[in-house]
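Trainee: one predicted model, sequence on top.
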Amino acid sequence: MEFQLEAVQFFTRVVTMASLGLAIAAVGCGFAMSFGIKSAVEGIARNPESGGKVTVGMLIGLALIEALAIYCLVISLILIYATPMVDTVTQLLQTM
């Protein structure tokens, strides 16, 4: 019984930390994207002829920033589903 309680507590901590990490990554990526778009729009406003080059660079930068959030999501899912006690927690949830 004590092992089951420890398994549930461990799983709860892992899920909490994974969701907190994902939230921080999403906020950070959102700020980075907003700064990138702001700078690109300002650059295009100053020099409209460079719009195509700035847009391509901006889109590549946004894709790389979004990749960071996706990597964080993948790591969070690995932490949640690859914990050593996930079978015990799954069995406990099925008995409820």
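Mentor: Yep, that arrived. Numbering: from 1, shown residues only.

Trainee: can you show me the helices along the chain?
Mentor: For the chain, helices defined by DSSP state H occupy the ranges 2-46, 51-81, 86-95.

Trainee: what is the last one packed up against?
Mentor: I take that to be helix 86-95. helix 2-46 (3 or more CB pairs under 8 Å, 6 or more residues apart in numbering; DSSP states H and E). Glycine gets a C-beta too; all of them are placed from N, C-alpha and C.

Trainee: and the helix it packs on, what does it pack onto?
Mentor: Using 3+ CB pairs under 8 Å, 6+ apart, helix 2-46 is in contact with helix 51-81, helix 86-95.

Trainee: how far off helix 86-95 does that helix point, in degrees?
Mentor: Counting by axes from the mean of the first three to the mean of the last three CA atoms, to 10 degrees, helix 2-46 points 100 degrees away from the direction of helix 86-95.

Trainee: from the chain's centroid, how far away is helix 2-46?
Mentor: When C-alpha coordinates are averaged (CA atoms, centre = their mean, to the nearest Å), helix 2-46 and its chain have centres 5 Å apart.
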